[in-house]
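In: Pasting a predicted model and its sequence here:
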Amino acid sequence: MGDWDRLKVTENNALQLLADYVQWKYGEQEIMEMQDECTFDLDFGDDQNKVYKQILLWLMFERKDPRTEKLTVEEFVEKFVDDNNDLAKKILGIRNIIKDIFLIVGNKGDIVFMEDSNKEKFNVQILPEQITLYSPGRFVDGRIYPWGNLYRFASIVKLRKSDDEIMKEMGLITPDVVMNMYEKKFKENAESIVISRNSSLQSLLNKLPSEWINAVCVNLGIKRVGKKGEKVMKIATMLVSPRLQIVIGNLPKDSIEALKLVKQNDGVMIYGDLVKRYNGDDFGLWWEKNPPKTPVGILRIHGLLIVGKMPKADRSHKTAMIPKEILNNING
């Protein structure tokens, strides 16, 4: 470990040292090679610096090393911090990450006052010079973690304009129109995830919004309790077990037909071609409250079909894909 053994971890340098430890452990090249596995949003266009930073944050806060089954922050504390002291407890609190689309209700100094979709309130500390970006009414799509009595952002977040800002830009419109615009943009983002034939079922599910994961749980009869990653693991476990055939057997006839058609095309189809054949696209944001009813929608809400962008040559096509673990186990 070299100089690591002589470093003293303090409250002021803990997070920077944690980032340094991740970079020492994996190296820049291996970090960038984890894009497909990363569950954080990497939609930053050509900005590879942001992609790198986002993967780094994911490794710091959420990814478990498959060799040790430990989070990086747990390894870090074991190696460099006395796990009986208050600093260790504070650092380990990072494990309690919350992912949501937060509404900004106010700000003061370097504190942003936010509430999640369940109306639970959080005080998030940011850099003072950024405070003007976090104006009341705007939405923050991202992750936060506890740090003492406050919270901090655990990922590069996306700020969304407030309803009032949208109305001022587009003229007087109704709140329903604003919500429809928000849902449309949310759906566009959610269906822009990068997918490939080599992607694992679990990695694909991890890229879906929490709202959709909850709906998949409901439709598969899985209790929707716990963190998103835990629910994803339960879904993936069920869909690679003999229960898969029961799930498929209980689908409507036209959904089974659509699934077989995609299978006949080696598990992938251009999304537009598929929905044209099976009554269109009825997907929104709130799958649990307003579940899709079209044949393709029913497949998606059971976790059997993933929609995203599949790179081909110099273009990316919106594609419907059966994850490889499911494709290899569909009868008939």
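Out: Looks like it came in fine. Here the structure is a predicted model, which means the values were calculated and not measured.

In: what sits against Ser316?
Out: Applying Cβ atoms under 8 Å, 6 or more residues apart in numbering to Ser316 gives the contacts Val194, Lys309, Met310. No exception for glycine: its C-beta is placed from N, CA and C like everyone else's.

In: distance of the first one from Lys207?
Out: To tie it back to what came earlier, the one meant is Val194. Distance, Val194 to Lys207, by Cβ to Cβ, to the nearest Å: 8 Å.

In: So between those two, which is more surrounded?
Out: Taking other Cβ atoms under 10 Å, Val194 and Lys207 do not tie; Lys207 has more neighbours (21 against 15).

In: And the helices in the stretch 51-200 of the chain, which stretches?
Out: Applying DSSP state H, counting those that start in this stretch to the stretch 51-200 of the chain gives helices spanning 72-80, 86-92, 163-170, 175-190.

In: Quick check: mean pLDDT of the third one?
Out: For helix 163-170, the per-residue pLDDT values average out at 67.

In: now the longest one
Out: Mean pLDDT, computed over helix 175-190, is 68.

In: Confirm that Val296 sits in a strand.
Out: No. Val296 is assigned helix when assessed by DSSP: H, G, I helix; E, B strand; the rest coil, not a strand.

In: Confirm for me that it is in contact with Asp273.
Out: No. If you go by Cβ atoms under 8 Å, Val296 and Asp273 don't touch, sitting 10.9 Å apart.

In: Those two: who's more crowded?
Out: Taking other Cβ under 10 Å, Val296 and Asp273 do not tie; Val296 has more neighbours (27 against 12).

In: The more buried one and Leu259, how far apart?
Out: According to Cβ to Cβ, Val296 and Leu259 sit 9 Å apart.

In: any shared contact partners between those two?
Out: Residues touching both Val296 and Leu259 by Cβ under 8 Å, 6+ apart: Leu305.

In: What residues does Asp47 make contact with?
Out: Per Cβ under 8 Å, 6+ apart, neighbours of Asp47: none.

In: buried ones in the strand ranked longest in the chain?
Out: What stands out as the longest strand in the chain, according to DSSP state E, is strand 98-108. Going by neighbour count (16 or more other Cβ atoms under 10 Å), the buried part of strand 98-108 is Ile98, Lys99, Asp100, Ile101, Phe102, Leu103, Ile104, Asn107.

In: In those, find the pair that's most separated.
Out: Lys99 and Asn107 (21.1 Å; Cβ to Cβ).

In: what ranges do the strands span in the stretch 101-250 of the chain?
Out: Using DSSP state E, counting those that start in this stretch, the strands found in the stretch 101-250 of the chain span residues 111-115, 121-125, 139-147, 150-153, 158-160.

In: and Lys89, which of those strands is closest to it?
Out: Among the strands of the stretch 101-250 of the chain, the nearest to Lys89 by Cβ to Cβ is strand 139-147 (10.7 Å).

In: now that closest one against helix 72-80, angle please.
Out: Going by axes from the mean of the first three to the mean of the last three Cα atoms, to 10 degrees, strand 139-147 is angled at 20 degrees with respect to helix 72-80.

In: can you list contacts of stretch 146-158?
Out: 40-41, 44, 50, 53-54, 57-58, 61-62, 90, 93-94, 96-98, 111, 122-126, 140-145.

In: Show the buried residues in the residues you listed.
Out: 40-41, 53-54, 57-58, 61-62, 90, 94, 97-98, 111, 122, 124-126, 140-145.

In: hang on, Leu57 packs against Thr39?
Out: No. Contact criterion Cβ under 8 Å: Leu57 and Thr39 do not qualify, at 11.1 Å.

In: check contacts around Lys119.
Out: Not one residue lies near Lys119 by Cβ under 8 Å, 6+ apart.

In: Of the strands of the stretch 101-250 of the chain, which shows the lowest average pLDDT?
Out: Sorting these by mean pLDDT places strand 158-160 lowest, at a mean of 86.

In: Direction included, what does that one pair up with?
Out: Here strand 158-160 has these sheet partners by DSSP bridges: strand 139-147 (antiparallel).

In: measure the closest residue to Gly280 other than its chain neighbours to Asp281 for me?
Out: Counting by Cβ to Cβ, 6 or more residues apart in numbering, Thr294 is the residue found nearest to Gly280 once chain neighbours are left out, at 6.1 Å. Going from Thr294 to Asp281 by Cβ to Cβ gives 7 Å.

In: any shared contact partners between those two?
Out: Joint contacts of Thr294 and Asp281 (Cβ under 8 Å, 6+ apart) are Val275.

In: What's the end-to-end length of stretch 29-43?
Out: Using Cα to Cα, to the nearest Å, the end-to-end distance of stretch 29-43 comes out at 19 Å.

In: actually stretch 311-320, not the one I typed
Out: Distance across stretch 311-320, first residue to last, is 13 Å (Cα to Cα).

In: Also stretch 121-134?
Out: Stretch 121-134 has an end-to-end distance of 15 Å (Cα to Cα).

In: so how far is that stretch from its chain's centroid?
Out: Relative to the centre of its chain, stretch 121-134 is centred 22 Å away, using Cα atoms, centre = their mean, to the nearest Å.

In: Identify all contacting residues around that stretch.
Out: Outside of stretch 121-134, the residues within contact range by Cβ under 8 Å, 6+ apart are 98, 102, 104-105, 107, 109-116, 140, 144, 147, 149-153, 159.
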